[in-house]
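Undergrad: got a predicted structure here, sequence first:
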Amino acid sequence: MRRGRILIGIIAVGLVLLLDAMAACPSLHELLHQDAKTSDHQCVVTLFAHGQVDSASVDVSVVAPPVSIETTPQFEFSVFATAIDLPAGRGPPASVSSPA
């Protein structure tokens with residue numbers, strides 16, 4: 001089954017390349033048809049050369065997942081401490097102490 005698909009794919013690609021080469025080179029097209037130079041001649045090569053080839057068009061819709069961004073505010077605060085912890089038996093410097 002797999003080899004059959006590969007073979008069909010190779011044949012299809014080869015056919016498109018052959019049609020493209022025959023559309024680009026009129027002498028190669030004349031090898032297949034003797035009346036290829038006439039204005040009313042129509043075959044798959046002339047249709048391919050003029051872009052009159054039907055192809056399937058598929059509309060693919062892209063669905064983007066919703067993106068949610070969560071932010072957590074960072075609170076930073078400081079507390080002013082009025083009390084100074086000094087070791088026992090030590091007082092504040094003389095310039096800081098109030099006159100009694």
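TA: Everything's here; your move.
Undergrad: who touches Leu28 in this structure?
TA: Contacts for Leu28 (C-beta atoms under 8 Å, 6 or more residues apart in numbering) come out as Ala21, Met22. C-beta coordinates here come from the backbone N, C-alpha and C atoms, glycine included.
Undergrad: likewise the one 5 residues further on?
TA: Taking C-beta under 8 Å, 6+ apart as the criterion, His33 is in contact with His41, Cys43, Val45.
Undergrad: gap between it and Gly14?
TA: 20 Å (C-beta to C-beta, to the nearest Å).
Undergrad: now swap in Val60 and tell me
TA: In terms of C-beta to C-beta, Val60 sits 28 Å off from Gly14.
Undergrad: quick revisit: so which of the contacts of His33 sit within helices?
TA: Among the contacts of His33, DSSP state H puts Val45 in helices.
Undergrad: out of the contacts of His33, who's nearest Asp20?
TA: Val45 (9.3 Å; C-beta to C-beta).
Undergrad: returning to that earlier point: who wins for neighbours among the contacts of His33?
TA: For these, the largest number of neighbours (other C-beta atoms under 10 Å) sits with Val45, at 22 neighbours.
Undergrad: buried residues in the longest helix along the chain?
TA: Ranked by number of residues, the top helix in the chain under DSSP H is helix 2-24. The neighbour-count check on helix 2-24 (16 or more other C-beta atoms under 10 Å) flags Leu19, Met22, Ala23 as buried.
Undergrad: pLDDT weak spots in this structure?
TA: Residue ranges of the chain with pLDDT under 70: 54-55, 80-100.
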